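Student: no sequence for this one, just the structure:
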């Protein structure tokens, strides 16, 4: 399966040597299991021997490579034909030795390979040209040509990442989901985001997310959908009876929640554990402009995060559908930021939250925490008729998705939300100490009572106090109260001496 542009070896389905002294050898190589936009070039041992046809199927123009094709006429010893999958009859690999039209005897009009893209490659043997045996064949092509675009309601060729995900969901040889079960508006919006022009270096630009590569036919449909989604830092989601899509870009919150929408309180996780975050990204991609070679993209290193972690934590990526280093670095940056940024909040909301799906963003107002429109991304949803809608939220920011190539060393990382660690409390303020005399119950003595008070906690963060006292110069503390919930206390029978 080919989406966008790719260079593939294909599957050999036919080979035959024929004619006098078997001087001709003809091979048929299937390069895609579907219709394609165009077969653009054929290579033999990395030498281009044929170029794209102007249109349709049939013989491809020969390219003079200096070895297999050294000149016109008798200098051509490599012949190619292309079929883009639209063929309804056989493509005859016809040669004309001695001026007579001839075809390999076992390739017949019954061999159509309907719906599959392929090339015929025929070699005219010459011991100087083929001194190392048959060359290795590779074919460059533009992939699927019937991808649906809900924005125009038309089909055609595209490398738009969101539309390639949609195609894998719709295609009857993949997920085979009917259009009625797909949120087309979500995919249309995601396609617009994928088509946005972003910087790719000084004076350079590119579309935000594209897909260029090949997919083995033995991969499961769901695995294909997830892999294509990752090429755009997005996620395909099945929720509320429909497939929808959350793109790898910041979008405005779709809902606002406040205390009146919640059932119970909030649970916090200040940030991810060290083993789930990293500060350096390395990896590989397939560079189309460099002959579809697997290359390493320049490492993405964020020194400020290394300083926080006290060590370099590397993650190695593989981007099989990404064909530029700049796009790889953008994808890696988003992954780094998502894994590090902000707090995770768990809450239970009223049924209003059933409208949400993973990937949506919400604005959360919470007076106690000083939040007004704090943006969170929905990570997970659990529903219960008994308890309500359980949401797992991750703090989000547009800065996670912003990028300018070349600015990586000084990335402005978004500020994280500061959550009390629960182990340190502020000392009470307004502490006052007084005294009074009191008479014991038996009226046998007059003693001193110490009166202590302090300011209450206006934020409600402190639930109780443990109170101890000791006489000046003493080393041991005396417990006066444990889990005391008032902001004043009386301590009887104290020594009125200093």
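Tutor: Thanks, I have it. As the structure is a computational prediction, the values presented were derived from the model and not from experiment.
Student: check contacts around residue 156.
Tutor: Applying CB atoms under 8 Å, 6 or more residues apart in numbering, we find residue 156 in contact with 145, 146, 147, 149. In short, each C-beta sits where N, CA and C put it, glycine included.
Student: hmm, 10 Å instead?
Tutor: By CB atoms under 10 Å, 6 or more residues apart in numbering, the contact set of residue 156 is 37, 144, 145, 146, 147, 148, 149, 163.
Student: list the beta-bridge partners for it.
Tutor: Bridge pairing for residue 156 (DSSP bridges) gives the partners residue 147.
Student: and for residue 287?
Tutor: In beta-bridge terms (that is, DSSP bridges), residue 287 pairs with residue 293.
Student: any figure for the gap between residue 323 and residue 46?
Tutor: Distance, residue 323 to residue 46, using CB to CB, to the nearest Å: 18 Å.
Student: please identify which of those two sits among more neighbours.
Tutor: residue 323 (25 against 10; other CB atoms under 10 Å).
Student: assumed that one was part of a helix.
Tutor: No: counting by DSSP: H, G, I helix; E, B strand; the rest coil, one finds residue 323 to be coil, located in no helix.
Student: hmm, it is touching residue 209, no?
Tutor: No: contact between residue 323 and residue 209 fails when scored by CB atoms under 10 Å: they sit 11.5 Å apart.
Student: overlap of the contact sets of those two?
Tutor: In contact with both residue 323 and residue 209: residue 159, using CB under 10 Å, 6+ apart.
Student: so what's the spatially most central residue of the chain up against?
Tutor: With distances taken as CA atoms, centre = their mean, the residue of the chain nearest its centroid is residue 233 (2.4 Å). By CB under 10 Å, 6+ apart, the residues touching residue 233 are 161, 208-209, 246-249, 330-335, 338, 400-401.
Student: hmm, try it at 6 Å
Tutor: For residue 233, the contact set (CB atoms under 6 Å, 6 or more residues apart in numbering) comprises 248, 331, 334.
Student: surely it is in a strand?
Tutor: No: checked against three-state DSSP, residue 233 lies outside a strand; its state is coil.
Student: return the backbone torsion pair for it.
Tutor: When quoted as degrees, to the nearest 10, the phi and psi of residue 233 stand at phi 50, psi 30.
Student: please name the nearest non-neighbouring residue to it.
Tutor: residue 248 (2.6 Å; CB to CB, 6 or more residues apart in numbering).
Student: so that neighbour, which of the three states?
Tutor: Classification of residue 248 by three-state DSSP places it in coil.
Student: can you pull out the strands in the stretch 51-200 of the chain?
Tutor: 58-59, 78-83, 117-124, 137-144, 147-149, 154-156, 197-201 (DSSP state E, counting those that start in this stretch).
Student: with distance to residue 274 and mean pLDDT as added columns, please give those strands in a markdown table.
Tutor: A markdown table is the format used below for the strands of the stretch 51-200 of the chain (distance: least, CB to CB, whole Å; pLDDT from 0 to 100):
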| stretch | distance to residue 274 | mean pLDDT |
| --- | --- | --- |
| strand 58-59 | 60 | 96 |
| strand 78-83 | 53 | 97 |
| strand 117-124 | 48 | 96 |
| strand 137-144 | 41 | 97 |
| strand 147-149 | 42 | 98 |
| strand 154-156 | 47 | 97 |
| strand 197-201 | 31 | 87 |
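Student: closest one to residue 484 among those strands?
Tutor: Set against residue 484 and scored by CB to CB, the strands of the stretch 51-200 of the chain come closest in strand 197-201, at 58.7 Å.
Student: name every strand pairing with the closest one and say which way it goes.
Tutor: strand 204-207 (antiparallel).
Student: what residues of the strand it pairs with count as buried?
Tutor: By 16 or more other CB atoms under 10 Å, the buried positions in strand 204-207 come out as 206, 207.
Student: by contact count, what packs against the following helix or strand past that strand?
Tutor: Remark: after strand 204-207, the chain's next helix or strand is strand 213-214, criterion DSSP states H and E. Packing contacts for strand 213-214, counted by 3 or more CB pairs under 6 Å, 6 or more residues apart in numbering; DSSP states H and E, involve strand 5-8.
Student: just checking, what packs against the helix or strand just after the strand it packs on?
Tutor: Once the chain leaves strand 5-8, the next helix or strand it forms, by DSSP H and E, is strand 11-18. Strand 11-18 sits against strand 24-32, with contacts defined as 3+ CB pairs under 6 Å, 6+ apart.
Student: the strand it packs on pairs with which strands, parallel or anti?
Tutor: Note on strand 24-32: by DSSP bridges, its sheet partners are strand 11-18 (antiparallel), strand 117-124 (antiparallel).
Student: tell me the most buried of those strands?
Tutor: strand 117-124 (a mean of 23; mean count of other CB atoms under 10 Å).
Student: quick one: contacts of that strand?
Tutor: Strand 117-124 is contacted from outside by 24-32, 36, 42, 77-85, 93, 137, 139, using CB under 6 Å, 6+ apart.
Student: one more: stretch 206-224?
Tutor: 1-6, 8, 33, 159, 161, 164, 168, 174-175, 194-196, 198, 200, 228, 231-232, 288, 320-321, 323.
Student: what do you get for stretch 344-353?
Tutor: 261-264, 266-269, 387-394.
Student: quick check: end-to-end length of it?
Tutor: End-to-end span of stretch 344-353 (CA to CA, to the nearest Å): 17 Å.
Student: okay then, goodbye and thanks.
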